[in-house]
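**Q** Requesting a structural model of the entry that follows:
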Amino acid sequence: MASEAQKQQKTCFLGTVWPGHVGLDKEECSDEEFMSHAEDWWNNLDIPNTQYAYAQFEIGGKQGGLHLQVALKVSSVTRATTLMNRFGGHWEPAANPNAVYNYCEKTEGRIKALDPKGSRPTGGSTRTAGHGSLKAVALEMLSEGACPAEVAQRAPEVYFQHHRAIDRLWERMQESVLPRETKYRGDDVPLDGEADGTQEDEGSTPE
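**A** Next up is the predicted model:
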């Protein structure tokens, strides 16, 4: 069952690929067989509007064992559920572009890095009140898929100054892609990291 976070529109994601995602039995396949199948999956992966994507084989995380970890930044908002349905693997939204770019520097548990896709920008997006005007920060966050609750959580000064405009713009953005009954209603939208009570499956993104 998909979590509420996986249903939200985002531009940044972390994904995990296990043997079952590439048609193999985790208990029966060898590491070499899994790596071959997962690398083929990566080479054939063509997610629309990909700005940058990185993948590496690693061992560790909550589930343990060998898996392929993916970091993805796209230019147009989508949902983790859409990625799972169309491309396989298990996907979770990342907080912001820096979470994607910083993951690429992670070496703990790394076995093999694969060729990246797209071009990684120099540096990354920072979310501080000193970065441009408060309005510019709000627009940047909304365009990258943040909801008003996330803006308030990560940039409280921005939300304090422009909360009415942020709420109205986010509702207008949702009207073009969501049914009316799913429009934003304050406390109904969970913040990143809030659990929905479901247990993590084998494909959950490791910490």
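
**Q** so for stretch 175-195, what's the average pLDDT?
**A** Averaged across stretch 175-195, pLDDT comes to 45.

**Q** In terms of secondary structure, what does the lowest-mean-pLDDT helix or strand in the chain contact?
**A** Least confident helix or strand, the chain: helix 134-143 with a mean of 76, by mean pLDDT, DSSP states H and E. Packed against helix 134-143 by the contact rule (3 or more CB pairs under 8 Å, 6 or more residues apart in numbering; DSSP states H and E) you find helix 148-154, helix 156-175. To be clear about C-beta, it is placed using only N, CA and C from the backbone, and glycine gets the same treatment.

**Q** Swap in 7 Å and give it another go.
**A** With contacts taken as 3 or more CB pairs under 7 Å, 6 or more residues apart in numbering; DSSP states H and E, helix 134-143 sits against helix 156-175.

**Q** Just the angle for the helix it packs on relative to helix 134-143, thanks.
**A** Here the directions of helix 156-175 and helix 134-143 differ by 40 degrees (axes from the mean of the first three to the mean of the last three CA atoms, to 10 degrees).

**Q** Using PDB, list the CA coordinates for helix 156-175.
**A** C-alpha atoms of helix 156-175 as PDB (Å, rounded to 0.1, in the frame of the first residue of the first chain):
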ATOM      1  CA  PRO A 156       9.100  29.000   8.200                       C
ATOM      2  CA  GLU A 157      10.100  32.600   7.500                       C
ATOM      3  CA  VAL A 158       9.100  32.200   3.900                       C
ATOM      4  CA  TYR A 159       5.700  30.700   4.800                       C
ATOM      5  CA  PHE A 160       5.100  33.300   7.500                       C
ATOM      6  CA  GLN A 161       5.500  36.100   5.000                       C
ATOM      7  CA  HIS A 162       3.700  34.600   2.000                       C
ATOM      8  CA  HIS A 163       1.400  31.800   3.400                       C
ATOM      9  CA  ARG A 164      -1.800  33.100   1.700                       C
ATOM     10  CA  ALA A 165      -0.100  33.300  -1.700                       C
ATOM     11  CA  ILE A 166       1.600  29.900  -1.200                       C
ATOM     12  CA  ASP A 167      -1.700  28.200  -0.200                       C
ATOM     13  CA  ARG A 168      -3.600  29.700  -3.200                       C
ATOM     14  CA  LEU A 169      -0.900  28.900  -5.700                       C
ATOM     15  CA  TRP A 170      -0.500  25.300  -4.500                       C
ATOM     16  CA  GLU A 171      -4.200  24.700  -4.700                       C
ATOM     17  CA  ARG A 172      -4.300  26.100  -8.300                       C
ATOM     18  CA  MET A 173      -1.400  23.900  -9.200                       C
ATOM     19  CA  GLN A 174      -3.200  20.800  -7.900                       C
ATOM     20  CA  GLU A 175      -6.500  21.600  -9.700                       C
END
